[in-house]
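Asks: coords below, sequence missing:
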């Protein structure tokens, strides 16, 4: 059934509106980061830059610890994502397939972790980590991020596992595949989109985490991007160019993850499905 | 004169100096490197530990995080470390947003710093958990030598002790452009009536007569209190510790603030310091209340020093003299160990020496003002190029700061509940009840007092 011209125009207008709503702030940040300071705070804002400078990026990378924060964030977010996936996959499969006492209750109560705001556990956690020597160390953040991402990751992956036809699993079992082989060679490739979603979720959660990173890390050299960057910007006086340049660079890893990693996982799935 | 080490490494530790890492050699393989590291660690650890024990290590937490400030503090630290080979000071910059929770937690866990920068309402929190010893004698000694601004010491003097050593002052001022006033035929306002007339005259052609915040945030606390101290509402406590926030002078101050706020941009209900500065620098706001606009005006606006005007905040009719809010920033000594306390005092004395002090203050030229008489005359302060360029403005700021007050820290009476009142921004919340929720000044101030009493009981 073909749509009328009027309907197409309305659809296009809606699309354009929402694209602008999402895209304009990004445009504003990216173009602002290459304007001279006077143009950034000009009384009449300019949508198209009238000036061009890389001075804010130069200052960001040469006169601040931004590169250190960036690397720390990459380490923490990547390690948190990998650890979350490594733990969530077998846990989700166990909740999905294995029979053990208290399974249903454990599965339902796992999300209770989200009932407590992170600020509530912050101080006790600080004391605990201080006792085991984890304060001011990046592994502390990796552990915390993983602990907070894990419940949701298990829930999501279990839902993806539940969507796989039982016959596929039965066929593998009949061929004599042990549980680990079944999980590794059959189930994981089939839930690749789910793994991608959980991976992106875990990465972004760790990438943007602020509260724990601000308290558990004491030294400047170990700060992650959100905490370190907030300090660079300043309190009483804001360097707007530096702020916009830092924000522009901060979104690159996340955009890269969405653009390449997510796409790779999805293409892997479709290749398997064609067979 | 100190020799300042410019290319400093903020992350330097004593172990870096003692063990050392050979450079400029052939690249070793990973295996060789690991073996060497293991052997080196085995052989050198006892020696380095022994050497480390000879030195007193001090950890300094401060909240001056922007890179240029961290670099300047490091330069001062490097000079001190070089002049005092038996002491090693290292800095760990923190954020004002987190330090209120982080410092008590770190102290409880034995991970706290030896020295910690403070503003007056932060000190009672650490004093109440027993982290502080009075530094009254030390402050007296420094006062005799450098002559502190009285209000700076007062803010830390209560309960029979002095709990921190004042380091620098920040005071709120009225900023404007002289050319804009001249074009409009306006004199610098002295009273509230003149101030309102000036703002009304300047509100034209898309320009806002004045940029005042109405956010539930510290900046609004500061600007509102700047009105209160010029409207006869300086004291928010009675002598017995009961609250006297709800009084006719406070109501009048809020009413006048709300009137003036009508000439501010609509988004000022979410402003912090940076937005007000940007509004002034872009010429969208004809006047603003700020600690300073110098750095932004110089680097992000036209930077014409001759045109930048600064004045004391106008007062209500019937009031005399101009007052302002001032924050005397200070440093607390948290170290309990006697050797560390002695080293900490040595470091603070070093900072306040006129030949070092100006360089320390000028980590942010035009923002941090001296709290000592000899510091205000120090060559190290006035020789900074930015300070020289804006000398007349900075002289006015220093003059205004002499009449500085801070809510909850006036008249030598300080009550612990001020920490909660300040942390929850109740002064700003009261204003929001007027400009956002439409309450009258009387209703809002009464509600504000009730909120203050409520948080004081917690």
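Replies: Nice, thanks for sending it over. Keep in mind it's a predicted model, so treat the numbers as computed, not measured.
Asks: number of nearby residues for the nearest residue to residue A:236 once chain neighbours are set aside?
Replies: Distances taken as C-beta to C-beta, 6 or more residues apart in numbering or on different chains put residue B:273 closest to residue A:236, at 4.7 Å, once the chain neighbours are dropped. For every residue, glycine as well, the C-beta is placed using N, CA and C. Around residue B:273 there are 24 other residues, counting by other C-beta atoms under 10 Å in any protein chain shown.
Asks: what's the answer for residue A:234, then?
Replies: Neighbours of residue A:234 (other C-beta under 10 Å): 21.
Asks: that one contacts residue B:65, correct?
Replies: Yes. Applying C-beta atoms under 8 Å, one finds residue A:234 in contact with residue B:65, separated by 7.3 Å.
Asks: residue nearest the centroid of the chain?
Replies: Because you didn't say which chain, this covers chain A. With distances taken as C-alpha atoms, centre = their mean, residue A:204 lies nearest the centre of chain A, 1.5 Å away.
Asks: sorry, should have said chain B
Replies: Closest-to-mean residue, chain B, C-alpha atoms, centre = their mean: residue B:329 / 5.0 Å.
Asks: check the gap between that one and residue A:187 for me.
Replies: 59 Å (C-beta to C-beta, to the nearest Å).
Asks: same question, residue B:240
Replies: 72 Å.
Asks: with residue A:213 instead?
Replies: 34 Å.
Asks: in terms of neighbours, single out the busier of these two.
Replies: residue A:213 (27 against 22).
Asks: figure out the helix or strand that the more buried one lives in.
Replies: Element membership for residue A:213 (DSSP states H and E) is helix A:211-216.
Asks: so after that helix, what's the next helix or strand?
Replies: With DSSP H and E, the next secondary element past helix A:211-216 is helix A:225-233.
Asks: does any part of that following helix sit near chain B?
Replies: Yes. Using C-beta under 8 Å from any C-beta of the partner chain, we find that helix A:225-233 touches chain B at A:227, A:230, A:231, A:232, A:233.
Asks: close to chain B: what parts of the stretch 51-200 of chain A are there?
Replies: Close to chain B, as judged by C-beta under 8 Å from any C-beta, the stretch 51-200 of chain A has residues A:63, A:64, A:65, A:122, A:123, A:126, A:127, A:130, A:131, A:135, A:136.
Asks: swap the cut-off to 6 Å and go again
Replies: A:63, A:64, A:123, A:126, A:127, A:130, A:135 (C-beta under 6 Å from any C-beta of the partner chain).
Asks: what is the neighbour count of the fifth one?
Replies: This means residue A:127. 15.
Asks: then the fourth one?
Replies: Residue A:126 has 24 neighbouring residues, counting by other C-beta under 10 Å.
Asks: ok, and the closest non-adjacent residue to it?
Replies: Residue A:126 sits nearest to residue B:105 (C-beta to C-beta, 6+ apart), 4.6 Å away.
Asks: just give me the neighbour total for residue B:63.
Replies: Around residue B:63 there are 20 residues (other C-beta under 10 Å).
Asks: just give the closest residue to it, not the sequence neighbours.
Replies: residue B:96 (4.7 Å).
Asks: surely that neighbour meets residue B:64?
Replies: No. Taking C-beta atoms under 6 Å as the definition, residue B:96 is not a contact partner of residue B:64, at 9.7 Å.
Asks: how about the residues of chain B by chain A?
Replies: Close to chain A, as judged by C-beta under 6 Å from any C-beta, chain B has residues B:11, B:65-67, B:92-93, B:95, B:98, B:102, B:105, B:109, B:111, B:273-274, B:278, B:281-284, B:291, B:295-296, B:300.
Asks: out of those, which are inside helices?
Replies: B:67, B:98, B:102, B:105, B:273, B:274, B:278, B:281, B:295, B:296, B:300 (DSSP state H).
Asks: what sits against the residue in the stretch 51-200 of chain A that chain B sits nearest to?
Replies: Chain B sits closest to residue A:130 of the stretch 51-200 of chain A, with a gap of 3.4 Å, by C-beta to the nearest C-beta. Residues near residue A:130 by C-beta atoms under 6 Å, 6 or more residues apart in numbering or on different chains: B:109, B:111.
Asks: following the strand or helix carrying it, which helix or strand shows up next?
Replies: For residue A:130, the host element (DSSP H and E) is helix A:118-131. Sequence-wise, the next helix or strand downstream of helix A:118-131 (DSSP H and E) is helix A:138-162.
Asks: buried stuff in that following helix?
Replies: For helix A:138-162, a neighbour-count test (16 or more other C-beta atoms under 10 Å in any protein chain shown) marks A:138, A:140-158, A:160-161 as buried.
Asks: which residues touch residue A:150?
Replies: A:84, A:87, A:88.
Asks: so how far is residue B:390 from the residue in the stretch 251-400 of chain B that chain A sits nearest to?
Replies: Residue of the stretch 251-400 of chain B nearest chain A, by C-beta to the nearest C-beta: residue B:274 (3.1 Å). Distance, residue B:274 to residue B:390, by C-beta to C-beta: 19 Å.
Asks: kindly report the same for residue A:227.
Replies: 32 Å.
Asks: looking at these two now, which is surrounded by more residues?
Replies: residue A:227 (27 against 24).
Asks: hang on, the earlier thing: mind picking the two most distant members of the residues of the stretch 51-200 of chain A next to chain B?
Replies: A:63 and A:127 (36.4 Å; C-beta to C-beta).
Asks: domain parsing for chain B?
Replies: Domain ranges of chain B: B:1-33, B:53-168+B:328-393, B:171-325+B:405-457, per automatic domain parsing.
Asks: quick check: mean pLDDT of the first one?
Replies: Spelled out, it's domain B:1-33. For domain B:1-33, mean pLDDT is 33.
Asks: now do the contacts for the residue nearest to residue B:350 when sequence neighbours are not counted.
Replies: Excluding its sequence neighbours, the residue lying closest to residue B:350 (C-beta to C-beta, 6+ apart) is residue B:80, at 5.0 Å. By C-beta under 6 Å, 6+ apart, the residues touching residue B:80 are B:89, B:347, B:350.
Asks: give me the element the second one is part of.
Replies: This means residue B:347. helix B:338-352.
Asks: between the ones in helices among the residues of chain B next to chain A, which is nearest residue A:178?
Replies: Closest to residue A:178, out of all of those and judged by C-beta to C-beta, is residue B:105, at 47.4 Å.
Asks: pull the number of nearby residues for the closest one.
Replies: 21.
Asks: I figured it hits residue A:125, correct?
Replies: No. With contacts counted by C-beta under 6 Å, residue B:105 stays clear of residue A:125, the gap being 9.5 Å.
Asks: so what sits against both of these two?
Replies: What both residue B:105 and residue A:125 touch, as defined by C-beta under 6 Å, 6+ apart, is an empty set.
Asks: so which of residue B:96 and residue B:64 has more stuff around it?
Replies: residue B:64 (23 against 15).
Asks: need the pLDDT of that one.
Replies: For residue B:64, pLDDT reads 89.
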